[in-house]
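>>> When you get a sec, could you give me coordinates for this:
(one chain, ligands or ions: 1)
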Amino acid sequence: MKWLYSLTMAVGLACHPALAQSVAPLAAPTATTPQQQRDAYVSDLLKKMTLEEKIGQLRLISVGPDNPKEAIREMIRHGQVGAIFNTVTRQNIRAMQDQVMQLSRLKIPLFFAYDVVHGQRTIFPISLGVASSWDRDAIALSGRIAALEASEDGLNMTWAPMVDITRDPRWGRVSEGFGEDTWLTSEIARILVKAYQGDDPQARHALMTSVKHYALYGAVEGGRDYNTVDMSPQRMFQDYMPPYKAAIDAGSSGVMVSLNSVNGVPATANRWLLQDVLHQQWKFSGITISDHGAIKELIKHGVASDPREASRLALQAGINMSMSDEYFIRYLPELVKSGAVSEQEIELACRKVLNVKYDMGLFQDPYRHLGPAESDPQDTNAESRLHRPEAREVARKSLVLLKNRLQTLPLKRQGTIAVIGPLADSKLDMMGSWSAAGVAAQSVTVYQGMKNVAGPRARILYAKGANVTDHQGIIDFLNQYEAAVAIEKRSPQALLDEALVAARQADVVVAVVGEARGMAHEASSQAKLTLPDSQRKLIAALKATGKPLVLVLMNGRPLSLVSEDQQADALLETWFSGTEGGNAIADVLFGDYNPAGKLPMSFPRSVGQIPIYYNHLPTGRPYSPENPGKYTSHYYDEANGPLYPFGYGLSYTTFSLSDMHLSAPRLKRDGTLTASVRVKNTGQRTGETVVQLYLHDVVASLSRPVKELRGFHKVMLQPGQEKTLTFTISPEDLMFYNAQMQRVAEPGDVDVMIGLDSQRLTTQRFTLL
Ligand code: BGC
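Residues are numbered from 1 along each chain as shown. This is a model prediction of the structure:
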């Protein structure tokens, strides 16, 4: 990854002629620390600004039909806009920054943001896939490349990482997050914030982050998007809040505020969330940004009677910038006039925005991420701008092998392979949702990837086999804003017949099934988690041919796959794996890469089990499969537990764990203890696995989860090779919020569990003194 840093250094700072006209000399002479210098600079600037100009800085708008370029030009001229999102080329960004420099009174630079969630031009696997890698270097690499490409496009900020913990796969946005586990998501949040922002926010390729969606958006009731969240403070601070805090502690400059309410108060109007927790407790000093149209929505939430009240509530709660919401610009001036809002309150929010611009280095060089105009790429989508090898590498690491009966995989590079399914040759779906400036035409499908990787001795046949769904209502929903799913003119039966002809000629069938990308997106909540009927029919018919059946799953959420698990000889979860997805998947299917991904979310057997998550609390009547009693906590019509547990994933080789050892029977308050284990590759191939450590506080003043992830090591072993892995445990790992909301680690016994997934674990015990 060294090259990335050296590239950053080499590009250096561009000096633009407009700098000469910039607002003020950078540092007030008396200021000493960088922060004092910034404060002095911003205070000086604020003194020169009119109320309208201050309010203008609080406005963030999207370029699009609602805001055509001419309208934006006028806003810029009058100092009525602070930042822009949804524009992604240097030429466009430069044109707007030029307008600021040429037309506006104070020449306060705009900043430019975008949803760079899993890549900018090169698309990496969706976040849930990146999380499945359990690979810190791969995660960081995906973030660095995204930052590099986004800043090369002139962007200053991303609306990422999205770290909403979710235990409900009905919610379409699970695809954007890192799964159900607080510890893993916090770890990824830290890695990504550092990867995007780098050490120096003013560096040419630093991209500021805006962690989202604060707070608890992943816990919307029933998995229905935008719905209510109601939660105990213990669960909130123990399970849902830490990833946001981790991102902030790692230096995230922005926080995007969620659309949901929290215990009755919409986050956008929630003083407690935005001031008490975020600013006072967590010492966050960056900017808060309301989500799209959220200020207006305060009226529909039923906490504001009119636009004026909505604007006042949001500002006074602690929203600094409004996204795609005209209320601030329209109503704040009169609210100040009437005395309902003070100019100091406006100034405070404005100061935050200016601080961020200062930190970005924009006052020094408004063109910081643009470079000289002559360096603008002629073709923004040029192949040379992509980072394909890195994308392939990360995508391979994100794949999770769920089943491999009789070593169906890897495939032999000979004979006939039938590649079938509505997703087998779909470039658009491969990109997943929120694919930024990625171009679907540049993505590699599974069918293409298999042809690339198979070699000359294998014959590859292809048939679509089925539409992704035949349900007209769902097709209409998916095609509402773009031509997202193409429905074949041929009848479903004709598609199926063609697929069966291919399957019958083949030695093995690879069926690529799952979801269209729009099914796992914002506003794509689902009440059912099985595959669409069209695809279930296809799978059943393929199974009936008697050919070995490999199911390659493309989807953005855990699905319930009980019958697919029974039907398939091998199952590979590939999420939506991005620009190089097809090649990466083919690498795994043909054994050029040995899969090592592990699930970051439990896969339910049926939708009725939701919420289902591994780190649940014990009950007074736990169910045990060995001794199932009637009056125990279970469903009588469904097996207990997930189909595939959190942390689960197979390899083409096998691993064993042995000799688990704790360094001491007791852990002192100021001490640490180590847990070690020997891991051995007991199979025939080189491979990697993820060894996971879980803790359980056996008796505490509150019931504590049956297990909680507190560490992992990803380790590569040759056949027969063994390694001893060591985990360090400290009292910090056992901290929790007690009934009085004090964060404590209580004395007593602690179970330490080590395993290759969250279910098959070896346990030992120590005592926390
Ligand atoms: C989403 C955010 C996103 C924003 C800007 C909203 O609808 O909830 O996650 O960052 O749009 O695109």
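
>>> What residues does the protein have near the ligand?
Residues of the chain found near the ligand (C-beta under 6 Å from any ligand atom) are Asp115, Trp159, Lys212, Asp291, His292, Glu522. Bear in mind the C-beta positions are built from the backbone N, C-alpha and C, glycine included.

>>> Now with 8 Å, please.
62, 85-86, 114-115, 159-160, 162, 173, 176, 210, 212-213, 256, 258-259, 291-293, 323-324, 434, 522 (C-beta under 8 Å from any ligand atom).

>>> show me where the stretch 101-250 of the chain has strands.
111-114, 157-158, 208-214 (DSSP state E, counting those that start in this stretch).

>>> what's the second one packed up against?
What it means is strand 157-158. Helices and strands touching strand 157-158, by 3 or more C-beta pairs under 8 Å, 6 or more residues apart in numbering; DSSP states H and E, are strand 111-114, helix 136-152, strand 208-214.

>>> got the contact list for the helix or strand in which Lys54 is found?
In the assignment (DSSP states H and E), Lys54 maps to helix 51-57. With C-beta atoms under 8 Å, 6 or more residues apart in numbering as the test, helix 51-57 has contacts from 46, 49, 75, 78-82, 105-106, 108, 328-329, 332-333, 336, 343, 346-347, 350, 353-354.

>>> Next: stretch 709-723.
134-136, 181, 183-184, 596, 615, 647, 653, 655, 678-695, 725, 727-729, 733, 758.

>>> residue contacts, the residue of the stretch 201-350 of the chain found nearest the ligand?
In the stretch 201-350 of the chain, the residue that lies nearest the ligand is His292 (3.9 Å; C-beta to the nearest ligand atom). Taking C-beta under 8 Å, 6+ apart, we find His292 in contact with Leu259, Met323, Ser324, Asp325.

>>> For those residues, which entry has the maximal number of neighbours?
The most crowded member of the contacts of His292, judged by other C-beta atoms under 10 Å, is Asp325 (27 neighbours).

>>> So that one sits against Ile295, correct?
Yes - using C-beta atoms under 8 Å, Asp325 is in contact with Ile295, at 4.5 Å.

>>> can you list residues touching both of those two?
Going by C-beta under 8 Å, 6+ apart, no residue sits against Asp325 while also sitting against Ile295.

>>> where does the protein have its least confident helix or strand?
helix 2-11 (a mean of 33; mean pLDDT, DSSP states H and E).

>>> pLDDT averaged over the helix or strand just after that one - what is it?
For helix 2-11, the following helix or strand on the C-terminal side (DSSP H and E) is helix 34-48. Per-region confidence: helix 34-48 scores 97 on mean pLDDT.

>>> Which members of the contacts of stretch 709-723 are positioned in helices?
Arg136, Trp183, Leu184 (DSSP state H).

>>> Could you dump those residues into TSV with pLDDT and neighbour count added?
Formatted as TSV, these follow (pLDDT from 0 to 100; neighbours: other C-beta atoms under 10 Å):
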residue	pLDDT	neighbour count
Arg136	98	14
Trp183	98	20
Leu184	98	22
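
>>> Closest one of those to the ligand?
Leu184 (20.7 Å).

>>> Hmm, the closest one is touching Val130, no?
No - counting by C-beta under 8 Å, Leu184 stays clear of Val130, with 11.3 Å between them.

>>> intersection of neighbour lists for the two?
Phe178.

>>> Quickly note the distance from Arg457 to Val446.
19 Å (C-beta to C-beta, to the nearest Å).

>>> Which one's more surrounded, these two?
Val446 (29 against 9).

>>> Wait, the more buried one touches Ile585, no?
Yes - contact criterion C-beta under 8 Å: Val446 and Ile585 qualify, at 5.2 Å.

>>> Overlap of the contact sets of these two?
In contact with both Val446 and Ile585: Val552, Thr574, using C-beta under 8 Å, 6+ apart.

>>> residues contacting whichever residue of the stretch 501-650 of the chain sits closest to the ligand?
Nearest residue of the stretch 501-650 of the chain to the ligand: Glu522, at 5.5 Å (C-beta to the nearest ligand atom). By C-beta under 8 Å, 6+ apart, Glu522 lies in contact with Gly172, Arg173, Asp225, Ser433.

>>> circling back: single out the most deeply packed of the helices and strands packed on strand 157-158.
Highest mean neighbour count of the helices and strands packed on strand 157-158: strand 208-214, a mean of 28 (counted as mean count of other C-beta atoms under 10 Å).

>>> Quick one: mean pLDDT over that one.
98.

>>> For the residue of the stretch 351-500 of the chain found nearest the ligand, grab phi and psi.
Ranked by C-beta to the nearest ligand atom, the top residue of the stretch 351-500 of the chain for proximity to the ligand is Trp434, at 7.8 Å. The phi/psi pair for Trp434 (degrees, to the nearest 10) reads phi 50, psi 60.
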